[in-house]
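Novice: generate coordinates for the sequence data below:
(one chain, ligands or ions: 1)
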Amino acid sequence: MEFKFTETQDKLRAEVRSFLEEELKHGSFEPSNDAWIDGYSKEFSRKVGAKGWIGTIWPKGYGGKEWSFVDRLIITEELLRFGAPVAYHWMSDRQCGPCVIAYGSDEQRKDILPRIIKGEVSFALGMSEPDSGSDLASLQTRAVETEDAFIINGQKIWTSGAHEADYIYLVARTDPDVPKHKGISEFIVDLKLPGITVKPIVDMMNSHHFNEVYFDSVRVPKSALVGERNRGWYQIAVQLDYERSGLERIMSPYPMFHMMLDLARQEPVLYNNPEVRHKLTDLVVKFEVGRLLIYRVAWTLSQGRVPNFESAMAKIYGTAFEQHLSHMATQVLGLSGQLMEDSRWAPLRGLASRSYLFCAGATLRGGTSEILRNIVALRGLGLPSQ
Ligand SMILES: Cc1cc2nc3c(=O)[nH]c(=O)nc-3n(C[C@H](O)[C@H](O)[C@H](O)COP(=O)(O)OP(=O)(O)OC[C@H]3O[C@@H](n4cnc5c(N)ncnc54)[C@H](O)[C@@H]3O)c2cc1C
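Specialist: Numbering: from 1, shown residues only. The predicted model follows:
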């Protein structure tokens with residue numbers, strides 16, 4: 001079966017590609033793996049905003065274009081394909097903006113949305129805590145309401161990009177005396193407020209991409225509450241569906257994949273090796289399957305349905321693929337690849353060794369594969385919970 005895009009969508013893809021080719025030509029970025037989570041460039045995000053490619057699916061009344069989810073996926077696919085540095089606006093466009101539209105106050109919408117669309121606002125996601133990851137509803141960070149503010153105390157962990165972001169989309173407990181899912185609220189908190197400390201966590205690649213974030217009696221205005229007090233858990237569920245469902249779940253190491261295929265076309269030692277040929281063909285087929293699973297999620301959203309088990313499936317598949325790909329890259333490079341003096345091998349070596357380490361987190365971040373399999377079992381297959 002062949003799935004075709006519309007003519008307008010093909011034009012949009014070509015426009016995004018030619019923008020990225022120009023930017024590459026002028027050296028405004030170096031293609032890199034994981035650039036949606038790790039590649040921060042305010043300047044580049046502003047350029048994407050100026051092209052009108054952020055907030056495209058949002059209602060026109062909020063500055064959006066009311067394009068389809070598939071249109072948005074075409075833009076993000078090209079940005080990921082080129083490994084462009086889009087982390088600064090990624091969370092804002094993907095999930096924080098849509099949450100403000102769905103649950104925010106008019107004041108929040110007026111303040112935040114136009115800035116997101118211009119690529120001028122970066123969000124970090126303040127969900128996980130040292131003792132609350134998969135069981136997020138057990139979180140302990142407290143937000144206590146006073147006459148004119150909420151006072152926040154607690155700690156978040158693994159907060160990607162908190163050292164680069166302007167705001168943290170914070171999930172905190174507002175009522176400790178009710179069942180755990182019922183006492184949680186969401187807040188937009190300015191990371192510059194007094195009492196907030198962002199501490200780097202250096203990962204096993206010796207790089208700093210995530211953080212611990214401490215809240216010590218941080219006073220946030222009441223206007224920072226998003227949606228209804230104590231209804232945060234139900235709001236988060238929708239946010240997580242958006243978080244899991246993008247092409248970043250299969251294309252994080254795409255620049256490395258692309259480079260590996262190119263090298264295999266040029267190097268006899270690779271293309272004459274039947275084992276390498278089989279491995280690469282297998283990867284290309286698996287990639288296309290994952291890509292279709294993710295387009296299916298966008299299509300489900302375009303039908304007005306929230307794709308929770310579909311997005312869980314796509315994330316399980318996509319992140320397993322990323323790990324498989326990263327492991328295959330080191331095998332394809334092999335021992336000879338480690339020794340090749342030729343400069344064509346060196347960039348792939350760099351990307352592959354980084355990817356081998358970074359991909360370990362792919363099946364954890366945004367919900368672990370085990371938790372997502374539970375979602376597929378319960379909501380997709382309708383299996384009983386006990
Ligand atoms: C690269 C990276 C970036 C991240 N960025 C962010 C971020 O920006 N913001 C944020 O808030 N968090 C972030 N996280 C944290 C991430 O969301 C958590 O790591 C994840 O939710 C798992 O929680 P945990 O690490 O506490 O593991 P745990 O919940 O302690 O789980 C440990 C293991 O037990 C398994 N397990 C747990 N419960 C069950 C169950 N019921 N059934 C079956 N198996 C189970 C899990 O699958 C896992 O294998 C990031 C993580 C990584 C790796």
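Novice: any idea how far the top strand by length along the chain is from the chain center?
Specialist: Here the longest strand in the chain is taken by residue count, with DSSP state E as the criterion, and it is strand 208-221. For strand 208-221, the distance between its averaged C-alpha position and the chain's averaged C-alpha position is 20 Å (C-alpha atoms, centre = their mean, to the nearest Å).
Novice: what about the residue of the stretch 101-250 of the chain found nearest the ligand, how many neighbours?
Specialist: In the stretch 101-250 of the chain, the residue that lies nearest the ligand is residue 133 (1.9 Å; C-beta to the nearest ligand atom). C-beta here means a position set from N, CA and C on the backbone, and glycine is covered the same way. Taking other C-beta atoms under 10 Å as the criterion, the count of residues near residue 133 is 17.
Novice: do residue 197 as well
Specialist: 12.
Novice: cool, residue 357 as well?
Specialist: The number of residues packed near residue 357 is 14, by other C-beta under 10 Å.
Novice: tell me the SS of it?
Specialist: Judged by DSSP: H, G, I helix; E, B strand; the rest coil, the three-state class of residue 357 is helix.
Novice: what sits against it?
Specialist: Residues counted as contacts of residue 357 (C-beta atoms under 8 Å, 6 or more residues apart in numbering) are 203, 204, 205.
Novice: least confident pick among these?
Specialist: The member of the contacts of residue 357 with the lowest model confidence is residue 205, at 88 (criterion: pLDDT).
Novice: so that one sits against residue 354, correct?
Specialist: Yes. The pair residue 205 and residue 354 passes the contact test of C-beta atoms under 8 Å, sitting 5.7 Å apart.
Novice: which one's more surrounded, these two?
Specialist: Under the neighbour definition other C-beta under 10 Å, residue 205 and residue 354 were set side by side, and residue 354 has more, 19 against 14.
Novice: the least confident helix or strand in the chain by mean pLDDT and the ligand in contact?
Specialist: Among the secondary structure pieces of the chain, namely its helices and strands, helix 232-244 has the lowest mean (mean pLDDT, DSSP states H and E), a mean of 82. No. Using C-beta under 6 Å from any ligand atom, helix 232-244 stays clear of the ligand, coming no nearer than 9.4 Å.
Novice: report the distance from the longest helix along the chain to the chain centre.
Specialist: The helix of greatest length in the chain, counted in residues with DSSP state H as the criterion, is given as helix 308-339. Relative to its parent chain, helix 308-339 has a centroid offset of 17 Å by C-alpha atoms, centre = their mean.
Novice: which parts of the stretch 201-350 of the chain sit against the ligand?
Specialist: Going by C-beta under 6 Å from any ligand atom, the residues of the stretch 201-350 of the chain near the ligand are residue 210.
Novice: 8 Å instead, please
Specialist: Counting by C-beta under 8 Å from any ligand atom, the positions of the stretch 201-350 of the chain adjacent to the ligand are 203, 209, 210.
Novice: check contacts around the second one.
Specialist: Residues in contact with residue 209 (C-beta under 8 Å, 6+ apart) are 37, 38, 160, 161, 203.
Novice: wait, is the third one part of a helix?
Specialist: No. Using three-state DSSP, the secondary structure at residue 160 is coil, not a helix.
Novice: with adjacent residues omitted, what lies nearest to it?
Specialist: residue 210 (4.9 Å; C-beta to C-beta, 6 or more residues apart in numbering).
Novice: my read: that neighbour touches residue 199, true?
Specialist: No. Using C-beta under 8 Å, residue 210 is not in contact with residue 199; the gap is 10.3 Å.
Novice: more neighbours: those two, which one.
Specialist: Counting neighbours by other C-beta under 10 Å for residue 210 and for residue 199 shows that residue 210 has the greater number, 23 against 13.
Novice: count the neighbours of residue 119 for me.
Specialist: Under the neighbour criterion other C-beta under 10 Å, residue 119 is assigned a count of 26.
Novice: and it, that's in a strand?
Specialist: No. Inclusion of residue 119 in a strand is not indicated when three-state DSSP is applied; the result is coil.
Novice: ok, and the closest non-adjacent residue to it?
Specialist: Closest residue in space to residue 119, ignoring its immediate chain neighbours: residue 49 at 3.0 Å, by C-beta to C-beta, 6+ apart.
Novice: send me the helix or strand harbouring that neighbour as PDB with only the CA atoms.
Specialist: In this structure, residue 49 is located in helix 42-50 according to DSSP states H and E. Taking only C-alpha atoms (Å, rounded to 0.1, in the frame of the first residue of the first chain), the coordinates of helix 42-50 have been written out as PDB:
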ATOM      1  CA  LYS A  42      17.700  30.400  20.700                       C
ATOM      2  CA  GLU A  43      18.700  31.900  17.500                       C
ATOM      3  CA  PHE A  44      17.800  28.900  15.400                       C
ATOM      4  CA  SER A  45      14.400  28.500  17.200                       C
ATOM      5  CA  ARG A  46      13.600  32.100  16.400                       C
ATOM      6  CA  LYS A  47      14.300  31.400  12.700                       C
ATOM      7  CA  VAL A  48      12.000  28.400  12.800                       C
ATOM      8  CA  GLY A  49       9.400  30.700  14.500                       C
ATOM      9  CA  ALA A  50       9.900  33.400  11.900                       C
END
